Every structure is written in structure tokens, then in C-alpha cells.
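Visitor: sequence and predicted model, in that order:
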Amino acid sequence: MIFITLEHISAHVSFSLTFVITLIYSGTLIYKSEKLSNSGGKGMIVTCICITGVLVSRSLYSGHLPLSNLYESFMFLSWTSSMIHIVIQIRGQYAWWLGAITAPSAMLTHGFATLGLPDKMQESAMLVPALQSHWLMMHVSMILLSYATLLCGSLSSISLLVIASQINQKIFLNVKNSFFFNKNWYSHDQEKKELKQTFYLSLRNYRKWVFTNQLDQLSYRTIGLGFSLLTIGILSGAVWANEAWGSYWSWDPKETWALITWILFAIYLHTRINRGWKGQKPAIVASVGFILVWTCYLGVDLLGIGLHSYGWLL
């Protein structure tokens, strides 16, 4: 009973923290402040500890690893998002804006697990015989870690596309209204004002260009790691499937969508490594991957299709 109470307290505290941290990092996008960024980073550490308390408490009173149902997998996904933030922050990179990606991810997955799922799906239950295997830890943890990492990389690519589109739009408007394309003659004061505005826009665009390069590098590194984890997860799942069902691959909907997701991110890495693509082109591929990851993870589960589904909508 004490472990159940501890789980509920940790869950409520961690969700409240993720909500506050999301607001803090949203503020850093408008007003860049080192104090706000540091506060968000410390809050993310406390959040990670609280979610760890949720998972540990659940494993103690259930008697198995908390990876057996949709609620537990979403809590693990939220924990992974906070861990990704902490690891990258420790390395001293992407500090002030990283939380704008990881904090909402942790909050939304946590909120869906605790507020969006029916109470019955949040309850812990005995493992079915197929899940009573040492492969549970290996396969499910690798898959969920890969999902969180790939989603982080895909969100970085989506942010890159949004910022790049703003830069292109401002450059277009600046050229359109420039001296060479304006039919009206400028006075000397008007020309100086126009040159000053052009310099200011160029400086802002340069900073955004540097920012998009950082997003591009973060996306590339996290997707590379997520792809490796997904590969390990698929291979371990095939071995587990052979033990449980007598076949390495049965074209179950979950397996099929996992393969499609793996192929798309393989294309992303191929275009970057062998073709030398950078910036917006590979970001478009990664953005499509964002949809595929959610389809593979959540869409198949909620539709109640196949051997891997938890079932809810059908």
C-alpha cells in the first residue's frame, strides 16, 4: 500500500513540475535568460527523480519491470525525455532552448498517461506468459529509448524547418522592399535608415542560421543514436518472438510499422552520410519520421491490432 501511495504522490509532483518547466522554457524562447534556463535544468533533474520514483514504486509492488502496459510505457517515455535533457545539458550544449523540446515532450507523455488513459489501463496486472521473459527488459526498454530519442531528433528537425521558413520569408520581404526594387527615390536619411534595418535583419538572420545549424547537428546525433537503439530493439524482439511464438518475423502490424520507421530513418542517415545532405532536405525526412514513430508506437496500440496492441479505440 505504501508503494502505491508513493507512486501516486511522485506522479502528481512530477507532472506539476513538467508543466512549470515547460512554461519556464517557453519563456526562454521569448526572453533569453540564463537564470530561467538553469532553473529549468534543475527542475528537470527533480522531475527525473520523481518519475524514477514512480517506476521504482510500481516495480516493487507489481513484482515486475514497469514496461508491461501503455501507462507504464508512457511513463518510461516521459522519464527518457527528461534523461535526454539531463545528458545533453551535462555536456554543456544546446542548454537554453533544449528544454523547449524535451520539457513539453515529457509533460505531454506524462499527462496522457495519467490523465488521458482510462483508470483500468493504468492499473498494474500480472504479466501474460509471453511477457514473462528476460527479453522484456532488453526489447521493450530499447524500443522505448529509441522512440524517445527519435522523437527528440524529429522535433529538432521540425523546429529547424519552422525557423528556416521564417528566415527565407524575411529575406524575401527585405529584398522586395530594398532600394534596387523600389520605384520611389530615397532621401539620404531614408537610405541610411534602410541600410540600418538591413544590417539588423542580416544579423538576426545570421543568428537564426547558427541556431538552425545547431538544431541540424542535434537532430543528426540524436537520430543516429535512436536508429541504433531501434535496430537493437527490433533484433531483440525478433529473438523474443521466436521464443514466444515460434517465428522470428510474422508481419504483425507493430513489426511492419517498426520496419517502415527503421527504413525511413535509414534513408535519413544515408542521405546525410553518403549524399552529404544538410539542413532542410534531411529535416523533411525526419519530420515524416515523427509521424511514423507515433503511428508505430501509439496508433497500432490504441487500434487494438495485432499481438503487440493494448487496445482502446476498437
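Guide: That came through, no problem.

Visitor: how close does Thr212 get to Gly276?
Guide: 17 Å (CB to CB, to the nearest Å). All C-beta atoms are positioned from the backbone trio N, CA, C, and that covers glycine.

Visitor: just how off-centre is stretch 254-268 within its chain?
Guide: 17 Å (CA atoms, centre = their mean, to the nearest Å).

Visitor: quick one: residues in contact with it.
Guide: Contacting residues not belonging to stretch 254-268 are listed as 143, 150, 223, 226-227, 230-231, 233-234, 237, 241, 249, 282, 285-286, 288-289, 292-293, 295-296, 299-301, 306-309 [CB atoms under 8 Å, 6 or more residues apart in numbering].

Visitor: so what's the nearest residue to Thr102 once chain neighbours are set aside up against?
Guide: Excluding its sequence neighbours, the residue lying closest to Thr102 (CB to CB, 6 or more residues apart in numbering) is His85, at 3.9 Å. His85 sits next to 41, 44, 98-99, 102-103, 106 when contact means CB under 8 Å, 6+ apart.

Visitor: for this protein, give me the ranges with low pLDDT.
Guide: Across the chain, the ranges flagged by pLDDT under 70 are 1, 92-96, 128-131, 166-209, 301, 303-314.

Visitor: quick check: domain ranges of it?
Guide: Under the TED database, the residue ranges defining each domain of the chain are 1-127, 132-178+191-313.

Visitor: off-centre distance for the longest one?
Guide: The reference is to domain 132-178+191-313. Counting by CA atoms, centre = their mean, domain 132-178+191-313 comes out at 8 Å from the chain centroid.

Visitor: which residues in the stretch 201-314 of the chain form helices?
Guide: With helices called from DSSP state H, counting those that start in this stretch, the stretch 201-314 of the chain shows them at 253-273, 280-294, 300-303.

Visitor: before we move on, back to that, buried residues, the helix or strand the residue nearest to Thr102 falls within. List them.
Guide: Per DSSP states H and E, His85 falls inside helix 70-90. Across helix 70-90, burial judged by 16 or more other CB atoms under 10 Å covers 70-86, 88-89.

Visitor: how about it as CSV, C-alpha atoms only?
Guide: What follows is helix 70-90 as a C-alpha-only set of coordinates in CSV (Å, rounded to 0.1, in the frame of the first residue of the first chain):
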residue,chain,number,x,y,z
LEU,A,70,0.5,1.5,-22.2
TYR,A,71,0.5,3.6,-19.0
GLU,A,72,3.9,2.2,-17.9
SER,A,73,5.4,2.7,-21.4
PHE,A,74,4.3,6.3,-21.5
MET,A,75,5.8,7.0,-18.0
PHE,A,76,9.0,5.4,-19.2
LEU,A,77,8.9,7.6,-22.3
SER,A,78,8.5,10.7,-20.1
TRP,A,79,11.4,9.6,-18.0
THR,A,80,13.5,9.1,-21.1
SER,A,81,12.8,12.6,-22.3
SER,A,82,13.9,14.0,-19.0
MET,A,83,17.1,11.9,-19.1
ILE,A,84,17.9,13.0,-22.7
HIS,A,85,17.7,16.6,-21.5
ILE,A,86,19.9,16.0,-18.5
VAL,A,87,22.6,14.1,-20.5
ILE,A,88,22.8,16.8,-23.2
GLN,A,89,22.7,19.6,-20.6
ILE,A,90,25.6,18.0,-18.7
